[in-house]
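Enquirer: Take a look and give me a structure for this.
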Amino acid sequence: MMRSLVCALALCLLPGLISGLALAASPKTYDLILRGGTIYDGSGGKPYVGDVAVNGDRIVAVGAVGDLGDARGKREVDARGLAVSPGFVNMLSWATESLLVDGRAQSDLRQGVTLEVMGEGGSMGPLNDAMKKETVEQQGDVKYPVTWTTLGEYLDQLAARGIAPNVASFVGATTVRIHEVGYANRPPTPEELARMRKLVDQAMEEGALGVGSSLIYAPAFYAGTDELVALCEEASKHGGMYISHMRSEGGRLLEGIDELIDISRRAKLPAEIYHLKAAGKPNWGKLDAAIKKVEDARASGLKITADMYTYTAGATGLDASMPPWVQEGGLEAWLTRLKDPAIRERVKKEMETPTDAWENLFTAAGPDGILLVAFKNDKLKPLTGKTLGEIARMRGKSPEETAMDLVIEDDSRVGTIYFLMSEDNVKKQIAIPWVSFGSDAEAPSAEGVFLKSNAHPRTYGNVARLLGHYVRDEKVIPLEEAVRKLTSLPAGNLKVRDRGLLKAGYFADVVVFDPAKIADHATYDKPHQYATGVRQVFVNGVQVLKDGEPTGAAAGRVVRGPGWTGWKNAKRH
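Expert: Predicted coordinates for the structure are as follows:
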């Protein structure tokens, strides 16, 4: 009787046992496996040879060779001899306009950038009707309609148009100031400030990362510290951060850092210094003191970080060569003043006089250290690539008068490169553990409308120059540390969810590159040259760069900040 029961039970269980054995024998299948690459997982830990498995838009397994057993990929990529890392974060991107007309973002994509972080002071929303009109009127080579109002709407439209990289943005302190105060040199009224705070609150709920400022430029220059603290208090409520092109990077560099730290402490939020530098030769020696200020603040419990670009020249406009008072009221008011002989004489005198009252890049770089690269007026485009000193000599006028004339003739601030920094300081900054990287540039292609003006070479080479020149050739930091500073460091500072590491459960933003060959090729004379050495790029599990060429896939999404109201309903964002 007992034997019969045992036999019957075995017969019942046998099909299940056979099925289980067959299941165990079947190799696991993933959508994608990157095989045999050297894994730089973004943590800064030692690299190892291994595999990365992806299903859909997520990484599902990362391990040393053999850890995946006999798993197979529906698609497999041979990464032997190459580095495999998380996608790189561009902490300071001006791809706001370039992505509207070319979503491939080739200058950055070919360097492994998978997240463009925008919003240095000025953001693409919130806009009122006057701001929309002004945006269209002041467009240069890149033309586009303004069909959005809020920052969230702008980001959603970008993604809907189709973009290769992910995008995120701060809300600009300058933008909300213009929205309520315009270009006037005065504090906001209590009612205006309340509305400005509400605009920041709304942007944070739409997914902004925090508040960004750019304090050397009018009208941002007119904002006091208390105003910035008030806006940052709104960001703080939503878990955001403050990020700033400080009031000075030169003569009052240390005071600029003091203000940023003060805002961080008072508003109770992390703060980051945009493009850390000591600008102008007389200020090069201040970098050690600047670093100490930040490290002392960090030791006191504040979260202060910075980002940088890997070049000794910056890029902005001729507005940074002229006093902020002459720019009050916006572009048209500025141009009108520059046509007044008495005002021109006063501006000329202030331009040529060293001062700590405003950030004077004219004296910091000198006329022959000021390269003109972007004009709106086709008649002026032949001057592209010449220095202000050269053009002044051609015209038989002083450099100061020439700068004013060019602004009038071009009906713009004129795109300009300033040679300001020390190579030794660039290397010193790269080695700082709390410094990440941002191009401070658009993300164009080396074709079409983008060739009408020159760019700063950082546009095409910021990351590749770090990984090639400074890491491989100069050995300033190890490659695993450089990858950390391009991935998990900025992602953590931004409180970005599930990005910045090669880790199971994280989004599959992945880069495969050749550490022995990665290199920048853009120069100041010939900037429109792509970097080389990045082989494959995946964004949200979709291949957007294959064998060094864009696939055309529009895999980019909007990456939201911690205050986004959609988080409670988001299962896989």
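Enquirer: Now do the buried residues in the longest strand along the chain.
Expert: Across the chain, the longest stretch assigned as strand under DSSP state E is strand 29-39. For strand 29-39, burial by neighbour count (16 or more other Cβ atoms under 10 Å) applies to 30-39. (C-beta placed from N, C-alpha, C; glycine too.)
Enquirer: same thing with stretch 505-521?
Expert: Neighbour counts over stretch 505-521 (16+ other Cβ under 10 Å) mark 506-515, 518-521 as buried.
Enquirer: Pull the most distant pair out of the buried residues of strand 29-39.
Expert: Largest separation among the buried residues of strand 29-39 by Cβ to Cβ: Asp31 and Thr38, giving 22.2 Å.
Enquirer: coming back round to it: who does the longest strand of the chain pair up with?
Expert: Applying DSSP bridges to the sheet, strand 29-39 is found paired with strand 48-55 (antiparallel), strand 72-78 (parallel), strand 83-86 (parallel).
Enquirer: Any chance you could give me the second one in PDB, C-alpha atoms only?
Expert: Spelled out, it's strand 72-78. This file holds the C-alpha atoms of strand 72-78, laid out as PDB (Å, rounded to 0.1, in the frame of the first residue of the first chain):
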ATOM      1  CA  ARG A  72      22.500  35.000 -24.200                       C
ATOM      2  CA  GLY A  73      21.500  38.300 -25.700                       C
ATOM      3  CA  LYS A  74      19.000  38.800 -28.500                       C
ATOM      4  CA  ARG A  75      21.700  41.200 -29.500                       C
ATOM      5  CA  GLU A  76      25.300  41.100 -28.300                       C
ATOM      6  CA  VAL A  77      28.100  43.700 -28.600                       C
ATOM      7  CA  ASP A  78      31.700  42.700 -28.500                       C
END
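Enquirer: about what we covered before: filter the buried residues of stretch 505-521 down to just the ones in strands.
Expert: Going by DSSP E, the strands hold 510-513 from these.
Enquirer: How far off centre is stretch 40-54?
Expert: Mean-position distance between stretch 40-54 and its chain equals 24 Å (Cα atoms, centre = their mean, to the nearest Å).
Enquirer: Please disregard the earlier target; I meant stretch 321-333.
Expert: Its chain's C-alpha centre and that of stretch 321-333 lie 27 Å apart, by Cα atoms, centre = their mean.
Enquirer: what do you get for stretch 390-403?
Expert: Centroid separation between stretch 390-403 and its chain, computed with Cα atoms, centre = their mean, is 34 Å.
Enquirer: Contacts for that stretch, please.
Expert: 318, 321-322, 344, 347-348, 351-352, 362, 367-368, 370, 372, 383, 386, 388-389, 405-406 (Cβ atoms under 8 Å, 6 or more residues apart in numbering).
Enquirer: List only buried entries from those residues.
Expert: 318, 321-322, 344, 347-348, 351, 362, 367, 370, 372, 383, 386, 388-389, 405-406.
Enquirer: The residue nearest the centre of the chain: what's it in contact with?
Expert: The residue lying closest to the centre of the chain (Cα atoms, centre = their mean) is Leu92, at 2.3 Å. Taking Cβ under 8 Å, 6+ apart, we find Leu92 in contact with 117, 120, 274-275, 307, 309, 438-440.
Enquirer: Looking at the residues you listed, spot the one nearest Ala555.
Expert: Closest approach between the contacts of Leu92 and Ala555, by Cβ to Cβ: Val117, at 17.4 Å.
Enquirer: Name the strands paired with the host helix or strand of the closest one and say parallel or antiparallel.
Expert: Taking DSSP states H and E as the criterion, Val117 maps to strand 113-118. Its sheet considered, strand 113-118 pairs with strand 88-90 (parallel), strand 166-169 (parallel) by DSSP bridges.
Enquirer: ok, which pair from the ones in strands among the buried residues of stretch 505-521 is furthest apart?
Expert: Val510 and Phe513 (10.5 Å).
Enquirer: Find the residues that touch each one of these two.
Expert: Contacts common to Val510 and Phe513, judged by Cβ under 8 Å, 6+ apart, are Ser85.
Enquirer: ok but Ala297 is inside a helix, no?
Expert: Yes: read with DSSP: H, G, I helix; E, B strand; the rest coil, Ala297 is one of the residues of a helix.
Enquirer: contacting residues for it?
Expert: If you count contacts by Cβ under 8 Å, 6+ apart, then Ala297 has 261, 264, 304 around it.
Enquirer: run the last query once more with 7 Å
Expert: Residues in contact with Ala297 (Cβ atoms under 7 Å, 6 or more residues apart in numbering) are 261, 304.
Enquirer: separation between it and Thr532?
Expert: From Ala297 over to Thr532 the distance is 39 Å, taken as Cβ to Cβ, to the nearest Å.
Enquirer: And stretch 123-133, end to end?
Expert: One end of stretch 123-133 to the other measures 15 Å (Cα to Cα, to the nearest Å).
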